[in-house]
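K.L.:
Sequence first, predicted coordinates after that:
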Amino acid sequence: MRQFDPIAIPYFSGMGHTRVLAEAIADGAGRARLIDVEKIEDADWAALDAAEAIVFGAPTYMGSVAARYDAFLEEASVRWPDQTWGDKIAAGFTVATYPSGDKFSTLMRMAVYAAQMGMIWVGQAEIGAPVHPERGAVNAQGSWLGLMAMSSRDKAQMVEADDLATARAFGARIAGAVERWRQEG
């Protein structure tokens, strides 16, 4: 029997920023399979179907989820009638150029999609400044629905260090939710 990672992270990354975030989330989770939706294969679909959690990731382009990622979501929706992904843990993350960048609409698209697929949504829970000034810019976007990040002006870095720290913490939170859901189920 083939062993699959408990967490699958299907992502689209137009310029590389989303991949960097996906890698940080996987690092925080401890064990996850990264799936580039532009290169998705049958083995990736099998990994998604077998995963205990799916973490959706796409950049926000022009106020919503990137069109290529939306196509992936529509392609995966054949699993809806049978609720193939029902009761899996779900979460989402996005990145954009501006602090707002209308990233909330991207996370809403992902959360509504997950709800329609019968999934259990996990939000982001890191509290940074100004509530906890010693934590600096952790969750600087103040997002609770999912992980929001801002692309770095330093293109060698891609994503700010504090956003990457928040992504690793988000990955650990998702892994914890998987473990708890496994014990409860």
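P.N.:
Yep, that arrived. Owing to the predicted nature of the structure, the values given are computational and were not obtained by experimental measurement.
K.L.:
what about Ala51, distance to Ala111?
P.N.:
Counting by Cβ to Cβ, to the nearest Å, the gap from Ala51 to Ala111 is 18 Å. From N, CA and C alone the C-beta is placed, and that goes for glycine too.
K.L.:
Looking at the two, which is more packed in?
P.N.:
Higher neighbour count among Ala51 and Ala111: Ala51, with 23 against 19, using other Cβ atoms under 10 Å.
K.L.:
where exactly do the helices run in this structure?
P.N.:
Taking DSSP state H as the test, the helices found in the chain are 17-29, 42-50, 67-76, 103-116, 161-184.
K.L.:
right, and these - which one's nearest Pro130?
P.N.:
helix 161-184 (13.9 Å; Cβ to Cβ).
K.L.:
Quick one: distance of the closest one to the chain centre.
P.N.:
Distance, stretch centre to chain centre, for helix 161-184: 10 Å (Cα atoms, centre = their mean, to the nearest Å).
K.L.:
Give me the helices and strands touching that helix, please.
P.N.:
If you count contacts as 3 or more Cβ pairs under 8 Å, 6 or more residues apart in numbering; DSSP states H and E, helix 161-184 packs onto strand 7-11, helix 17-29, strand 53-57, strand 89-96, strand 147-150.
K.L.:
so the residue positioned nearest the centre of the chain bridges to which residues?
P.N.:
Taking Cα atoms, centre = their mean as the criterion, Gly92 is the residue nearest the geometric centre of the chain, at 3.3 Å. Beta-bridge partners of Gly92, counted by DSSP bridges, are Phe56.
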